[in-house]
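Trainee: Give the three-dimensional model of this entry:
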Amino acid sequence: MCSVIGRVKPCHRALAVSLRLRTNTESPSCAAARSRRSCPGVSLGAEPLRVTSRTYSSGTAVSQRLLFRQLLELESKTYTYLLADAETKEAVLIDPVLETIDRDLKLIGELGLNVKVAVNTHCHADHITSTGLMKKRLVGLKSAISKHSGASADILLSEGDKITFGKHCLTVRDTPGHTDGCMTLVTGDQSMAFTGDALLIRGCGRTDFQQGCAKRLYHSVHQKIFTLPDQCLIYPAHDYLGQTVSTVGEERRFNPRLTKSIEQFVDIMNNLNLPKPAKIDIAVPANLVCGLHEV
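Mentor: Coordinates of the predicted model:
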């Protein structure tokens, strides 16, 4: 530094000495702050990174991009899910129940959403869907269900189809076994999966009616759901013990039925001896025509 200062003019020499002294005496934090003021596009020091993250809770969540609500119908313990693009307000409703249509429509109105599609994960046997009646009360709403369900709807879905809403989408994975028309709906980033009755929290749908097949269900879960990332959140159509959400990793490790061999699983499912759903005789015929209402 001395040799360099010696070659400059006196006024420049004084400035150089001043700068040298400041560099030696000011604290690192002051130097970093001064550098940021002179170079606003450059960040120095150990400031924490500001990372935009998406978080979900069991019942309600919102991020800059995705709005999510989990709603419960008390009698049948059915979960209805509302997902929306937070910017465009386009939305999708999953497994709506007839008894809670007013609640759902009120929430949709309060949030200012435009629900494009109301989709059923399968032809339910324990409750009647509200999709048909909801179409009469929401302009432009379309109903959707698996093409393998045998039910009527505006949109008949199959493996790989996508339901889009704003910048988001749900991708269909066929997961038959509980019924022929069971689907799992997976978000585009594979962070959430809506599994219907195929996979429940520490359980699964029964296989003793409506084209049920234990072997088929076992393969569906292992091939179409357990292949998702461990941290993918599992949102089932029902829970009877007050549980709201699980993960693929948890179910792969702890599900008392689906951690067994296929032979053991079939034996478990063949010996559940459950009573038939109380509403099956009215729910299934109604849900085949979108809930007793015109499609």
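Trainee: C-alpha only now, for contacts and for neighbours.
Mentor: OK.
Trainee: For the stretch 101-250 of the chain, which segments are assigned as strands?
Mentor: Along the stretch 101-250 of the chain, counting by DSSP state E, counting those that start in this stretch, strands occupy 114-119, 142-146, 155-157, 162-165, 168-174, 183-187, 192-196, 199-200, 203-204, 233-236, 246-247.
Trainee: ok, now how distant is the spatially most central residue of the chain from Val248?
Mentor: The residue lying closest to the centre of the chain (CA atoms, centre = their mean) is Met192, at 3.3 Å. Distance of Met192 to Val248, computed by CA to CA, to the nearest Å: 10 Å.
Trainee: which neighbours do the two share?
Mentor: When contacts are counted by CA atoms under 8 Å, 6 or more residues apart in numbering, Met192 and Val248 have Cys232, Leu233, Ile234 as shared neighbours.
Trainee: What about these, which one has the most neighbours?
Mentor: Ile234 (26 neighbours; other CA atoms under 10 Å).
Trainee: Would you agree that residue is in contact with Gly249?
Mentor: No - under the criterion of CA atoms under 8 Å, Ile234 is not in contact with Gly249, lying 9.6 Å apart.
Trainee: Mind telling me what element Glu263 is part of?
Mentor: Element membership of Glu263, judged by DSSP states H and E, is helix 262-270.
Trainee: just checking, what packs against that helix?
Mentor: Identification of packing neighbours for helix 262-270 by 3 or more CA pairs under 8 Å, 6 or more residues apart in numbering; DSSP states H and E yields helix 214-220.
Trainee: where do the helices sit along the protein?
Mentor: Using DSSP state H, the helices found in the chain span residues 2-6, 10-25, 28-38, 101-110, 131-137, 214-220, 248-254, 262-270, 280-287.
Trainee: if we can go back for a sec, which pLDDT value does the model give the residue nearest to the centre of the chain?
Mentor: Per-residue pLDDT puts Met192 at 98.
Trainee: again, but for Asn24
Mentor: Confidence score, pLDDT, at Asn24: 44.
Trainee: Kindly report the same for Asp95.
Mentor: 98.
Trainee: Contact partners for it?
Mentor: Thr78, Tyr79, Thr80, Tyr81, Ala118, Val119, Asn120, Thr121, Thr129, Ala237.
Trainee: ok, which pair from the residues you listed is furthest apart?
Mentor: Thr78 and Ala118 (15.1 Å; CA to CA).
Trainee: Among the two, which residue is more densely surrounded?
Mentor: Ala118 (27 against 21).
Trainee: so how far is Glu159 from that one?
Mentor: For Ala118, the distance to Glu159 - CA to CA - is 18 Å.
Trainee: swap in Gln264?
Mentor: 28 Å.
Trainee: Serialize the shared contacts of Met192 and Val248 to TSV and add fields for distance to Arg69.
Mentor: Converted to TSV, those look like this (distance: CA to CA, whole Å):
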residue	distance to Arg69
Cys232	17
Leu233	14
Ile234	14
